[in-house]
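Trainee: Model the structure of this input:
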Amino acid sequence: RFGCVHRGRVWLAGCEDPYLVWLSKYMRAGEGIAFSDEFTLDFRDQGQPITGLASLEDKLVVFTASQTFVVHGDGPVDAGGDPGLDPPLRVSAQVGCIEDRSIVQCPAGVFFMARDGIFQIDKGLGVTFGGASALETVRAYPYCYAAIHAESEHQVRWLLGTATLPSSGNSIILSYDFLH
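Mentor: Just a heads-up that it's a prediction; the model follows:
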């Protein structure tokens, strides 16, 4: 259902087992992306299904609805064996991502929608609130349809709406300038 590219691999979650993260073998030019049943991370012990993934420098960010984790490491070699990943490290026990389409990575870190508004996880693994003005907008438009990093404008933008489907309600674009 959702995924990201991180350290030369494709990482997927939200599939048939909502507690598993799947990682591909290393991507190579001219070859298809390959997965192995052995290349998974199990988050069942965390007590909540995975709701999103993001790449943050050398760390994979894994979200549940109310928690945020990071995983260090490259993963196993393509032949299998040593998992090559550290156990998940919880960086927030109170803030997680409620909508995978809200996740966007930029030079300032990773932004995402939580129950209490827009949050950021920075490169130092600090999880911070996006601000009161954004909270009022997110409450008025609680559904996120897409998020992008507008690189040339130094902005992160979210397409938010009032209904579960973009065509059935009002929508707006929320912008955050992370440079100024």
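Trainee: close enough to count as contact, Ala13 and Trp22?
Mentor: Yes: with contacts counted by CB atoms under 8 Å, Ala13 reaches Trp22, the gap being 7.1 Å. No exception for glycine: its C-beta is placed from N, CA and C like everyone else's.
Trainee: Please compare those two by neighbour count and tell me which comes out ahead.
Mentor: Ranked by neighbour count (other CB atoms under 10 Å), Ala13 and Trp22 place Ala13 first, with 26 against 18.
Trainee: Next, the contact list for the more buried one, please.
Mentor: Each residue near Ala13 by CB atoms under 8 Å, 6 or more residues apart in numbering is listed here: 1-3, 20-22, 50, 52-53, 62.
Trainee: Please apply the same query to Ser175.
Mentor: 150, 155-157.
Trainee: what residue ranges in the protein are flagged as low confidence?
Mentor: Low-confidence segments of the chain (pLDDT under 70): 79.
Trainee: can you do 80?
Mentor: Applying pLDDT under 80 to the chain picks out residues 76-83, 131-133, 180.
Trainee: Pick the one among the contacts of Ser175 closest to Gly81.
Mentor: Distance to Gly81, by CB to CB, is smallest for Val156 among those, at 38.7 Å.
Trainee: What is the subsequent helix or strand relative to the helix or strand in which the closest one is found?
Mentor: According to DSSP states H and E, Val156 maps onto strand 155-161. Going down the chain from strand 155-161, the next helix or strand is strand 171-177, by DSSP H and E.
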